[in-house]
Structures are given as structure tokens and as C-alpha cells.
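Sequence plus predicted model, see below.
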Amino acid sequence: MSDLGSYSSESDVLGYLDGRRDELVRLLSDLIAIPTPNPPGDNYKPFCDFVADWLREAGLEVGVHAPPEEALPDLLRPEAEGQRYAVVGRLRGLAEHPAFCLQGHYDTVPASGDWESDPYGPQVVDGKLYGLGSTDMKGGLASMMMAAKALAQKKVALRGSLHFLTTPDEEFPSRAGLAYFLEKGIVDPDYVVVGEPSGVRNIHIGMKGGVWGDVIVKGRAAHGSRPFAGVNAFEKMVEVASAVRTDLIPRLDRRVSDYDFHPLQGNRPTLALGGLVGGTNASRATVPDRCTVSFDRRLIPEETLAEVEEELVSFFDDLQRQDDELSLEVKVSSKAPPMVVPADSEICRVVSDAITELAGASPTHTVSCGGFETVLFVDRGVQAVTYGPGVEGCAHTAGEHTILDDLVVTAKVYALAALRLLA
């Protein structure tokens, strides 16, 4: 890897970004000021119109893509509404490939909690920009857009192509999100950086997998005055949850991943019960004959989906064998394998070198507890990592914010990585 400035365009591009901190702050403020809560998917069109117009003015070719209107009922969940759009900005080089894509989602969670100010009225205080989506992940989008603008304005000669891509429906997934647009072939990258918040001196090279579903306990209804005549499904569920807490979870806690995790406590498998809870709801005077709780089982990279599913089924089967009155069913609703990109892959090496030169320290390489759309690229054979600005622990919360200096550093890292891969 060559030193900073070995390409004639590197110092020009980085200097351009250094001089546009205020423009970057205005851009992120404008993105936050267009609310895009999901569900239901409000204001997607005005947001994408703004992004498309900004990219065109910056000097990129722009395309806006959407599913056919008649396909939306089958693509969207009942809580969602409105059209879905993907915006692609392109800088073309001598050839289509190699192709480097900067990608991120533009939807946010709905505003919740006790915000001291308008969550969609961005404010700068003590070097931090407050507003819903500032960390997750409109800050990453703003840095990506500014990096692309710097390359366009400095008219960098590229041997391949640079793509900026923003897509909907990551926070509350639908079938009209990133996976849909990738299937339609709107981009065909060789390298990708997904701008989810990782911290400016950290790269997420992977993420945990997951198995999600429900445990359904079946009892026998009876009048509330004669509970002895029935089997209380809720009480049986309490026993099931207690067994999970005292037996299965400690078993999982003894498994420690060899990978570095962010945060560190995430280096073990986890199982959480009760995100969703349901029951018979017949009346207060009825012994419930059904109780359902959801489960969220996260996998470390050393585990496989098949092993985890088998362990879950075996554990709950054992509970039934030990109690003649316990009848339960386990339903898996969705699953995703864990994912890790080799730290010596080209995309990881290039981004790491850029961070080392621009952020003042060699980055850590960690596996994230959460999930990112990065896996959708990796599953297609694309080299992809997750790297973006943001403050750990404040995404989705009242007072969400990001650090202004980090936005500039990240934009420069994106631009330098593009130069190293494409120039």
C-alpha cells in the first residue's frame, strides 16, 4: 500500500473535504430534517428526491429505482405503507469494474422517549449534532455523499466505478429493501463499505447470526373458579422460562468466541425470551389454554444454524419428557448465519490503512452483536465491511447524536479507500 499523497489526487481530495466541514454538517442536518420513520415508511419520496438532487448537483450520474406499484402489496408488511425507492449515484471510470459501492439505509426508527428537543430539528452542541438518525445512520450517508462529491468535483481519473447507494426498510424490514434492489441488479460491486455506525477507529468485519421464533405452550382451559380442572399455559410458560434461565443460558454463557467483539460482552451466544408475548385472552375468569413468547437466539461465528436449531429443539423436548402436563411447540420464523470477512481481505486492508493514516491509530477489527445489511453483499460473493461514524449506545434513543469531527474523518476514509481501490 502506497503512502498518503503517492497519487497526485489524494491530497487534493482530502483537502477538499477538510474545507467543507460546514457543508457536511448542513447536509446531515438536512437529511435529519426529513423524517423517515419506519414503520410506516413516511417521507421516503421527498427524502430520496433531496438525495438525488444533491448528488446530481455534486456531479454524479443519478438513478432512482422503485418496485412496480402493483407489486407493493406482496412486498410490504401490513404496518408499512407507501412506495419504496433506492437512489444510486455513479462516478464512471475507464471500465465498470472494479466497482466500489458506499451503501446505507435511509429509514430510521420512529421517534420515542423523552427528547428534550425536536428529534427532527437538528442542533449542534459542543461539537455534537443531535437528531434522530444522526448515528443510525444518516451520519454515515452524509459522509458517503460528501466523499463522492469530493471525487466528482476534483475530477479524479478512475479505472473503475464508484457507486453511492441508499435503500429503505432496514429498521423494519420488508421485501422491498436492499435485497430486492440487489436482485434487480441496480449495482454490481466488487467492494462495499456499509456505513452503519462502527466508530471511526473500528471496523466491523462480521456480525452474529440469529434464530428467531416462538415457543408456544398449550394448556387446557377451565373456569377460573376451578383452576384445578385445567392446565394453566401461562404458569407452564413460567416454568419453561425458568428452565431456560437456569439451564440453557448458563450453558451458552460458557461458550466464548475467539473473535474480538464490540462490545466485549458480546463474545458469547445469547438467548432472550419475551420480546413478544401472547395468550388466550379469553377472560380474567378463564384458565389460559395457550401462551406464546418469542425467542431471539444469537450465534457466535463458531456456531452453525443447524447446531443451534437442534439444540433448541432438544432442550424443549427434554422439558416435555420431564413433565406430562407440558405441551409445547417451537416455531422458527427466520434465521441468519453469522458472518465474518477475513481481516486480510483487500477491502479490509484498504479501509484499515486509510483509517490508520487519517484517524491517528490502527483500527480494531471486531464482530458486532447486531446485524447489518453487509451480509447481503457477502452472500453474493462481494468483499464488504461495515464502517461508519456514530456514538455507541445512542442509536434509537432520545438524544441520539454524532460527533462532527468523526463525520469529516469518515468522509476522508471513504474517499481515500475509493482512490486506493479505483484510481
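Sure thing, it's come through.

Give the buried residues for stretch 148-164.
148-152, 154, 156, 158, 160-164 (16 or more other CB atoms under 10 Å). (Each C-beta comes from the backbone N, C-alpha and C, glycine too.)

ok, now stretch 383-397?
Of the residues in stretch 383-397, those buried by neighbour count under the rule 16+ other CB under 10 Å are 383-391, 394-397.

Turn those into JSON lines, including distance to Leu76 and pLDDT.
As requested, the buried residues of stretch 383-397 are exported to JSON lines (distance: CB to CB, whole Å; pLDDT from 0 to 100):
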{"residue": "Gln383", "distance to Leu76": "31", "pLDDT": "97"}
{"residue": "Ala384", "distance to Leu76": "26", "pLDDT": "98"}
{"residue": "Val385", "distance to Leu76": "30", "pLDDT": "98"}
{"residue": "Thr386", "distance to Leu76": "26", "pLDDT": "97"}
{"residue": "Tyr387", "distance to Leu76": "30", "pLDDT": "98"}
{"residue": "Gly388", "distance to Leu76": "27", "pLDDT": "98"}
{"residue": "Pro389", "distance to Leu76": "30", "pLDDT": "98"}
{"residue": "Gly390", "distance to Leu76": "28", "pLDDT": "96"}
{"residue": "Val391", "distance to Leu76": "31", "pLDDT": "94"}
{"residue": "Cys394", "distance to Leu76": "29", "pLDDT": "92"}
{"residue": "Ala395", "distance to Leu76": "24", "pLDDT": "91"}
{"residue": "His396", "distance to Leu76": "22", "pLDDT": "92"}
{"residue": "Thr397", "distance to Leu76": "27", "pLDDT": "92"}
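
of the residues you listed, closest to Ile205?
Looking at the buried residues of stretch 383-397 and their distance to Ile205, the nearest is Val385, at 5.9 Å (CB to CB).

Export only the CA atoms of the helix or strand hosting that closest one, formatted as PDB.
Taking DSSP states H and E as the criterion, the element that holds Val385 is strand 383-386. Once side chains and other backbone atoms are set aside, the C-alpha atoms of strand 383-386 remain, and they are given as PDB (Å, rounded to 0.1, in the frame of the first residue of the first chain):
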ATOM      1  CA  GLN A 383     -16.000  -8.200  -0.300                       C
ATOM      2  CA  ALA A 384     -17.700  -6.000   2.200                       C
ATOM      3  CA  VAL A 385     -17.100  -4.500   5.600                       C
ATOM      4  CA  THR A 386     -19.100  -2.200   8.000                       C
END
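
packing partners for that strand?
strand 191-194, strand 202-207, helix 346-359, helix 374-378 (3 or more CB pairs under 8 Å, 6 or more residues apart in numbering; DSSP states H and E).
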